[in-house]
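>>> Model the structure of this input:
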Amino acid sequence: TVIIPTATEITAAEAAQIASTNLSPDVIRVNVAGEVKQPGTVQMPSNTTLNEALLSVGGFNERAEKIVELIRFNPDGSLTRREIEVNFKQGIDPQTNPLLSQNDIIIAGRSSYTKITDTLSNILEPIFKILNPLRSLF
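From the prediction side, this is the model:
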């Protein structure tokens with residue numbers, strides 16, 4: 001019988017050490033999408049945190065909510081989705097500033113104000129297109 005102990009929780013220091021072992025790749029690819037200044041795929045060192053990845057793409061744009069969705073493909077083929085409130089002052093923390101893995105996806109959503117103004121714009125734009133030619137008649 002082989003007994004393999006499992007850790008219930010690891011510290012931030014242990015997580016950083018695990019991420020930098022020689023079993024980990026030197027560089028990971030992370031996809032950052034949504035309301036950030038330069039969305040796209042970025043290559044980062046293997047022990048990169050969520051905050052570092054966001055800062056590498058210029059941070060949030062003015063339309064962003066400061067909550068992101070982190071999507072991770074697990075080794076067993078399952079998918080994990082988490083919402084994380086971003087605090088750029090936070091150090092490595094599995095809950096609020098986790099270390100990233102290969103092919104993680106970070107999506108920065110729109111703020112409530114932006115959602116409302118976008119919706120109003122979509123509703124009012126067709127009306128203004130109809131009314132605009134009528135302005136020249138008066």
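
>>> So in terms of bridging, what pairs with the nearest residue in space to residue 81 that is not next to it in sequence?
In this structure, residue 81 finds its nearest non-sequential neighbour in residue 71, 5.3 Å apart by CB to CB, 6 or more residues apart in numbering. Glycine gets a C-beta too; all of them are placed from N, C-alpha and C. Bridge pairing for residue 71 (DSSP bridges) gives the partners residue 81, residue 105.

>>> Determine which residue lies closest to the centroid of this protein.
By CA atoms, centre = their mean, the chain has its centre lying nearest to residue 106, at 2.4 Å.

>>> what separates it from residue 67, distance-wise?
Residue 106 sits 11 Å away from residue 67, going by CB to CB, to the nearest Å.

>>> Over to residue 37?
Going from residue 37 to residue 67 by CB to CB gives 17 Å.

>>> again, but for residue 126
Computed as CB to CB, the residue 126 to residue 67 distance reads 31 Å.

>>> need the strands for this protein, in chain order.
For the chain, applying DSSP state E gives strands covering 27-34, 40-45, 64-73, 79-85, 105-110.
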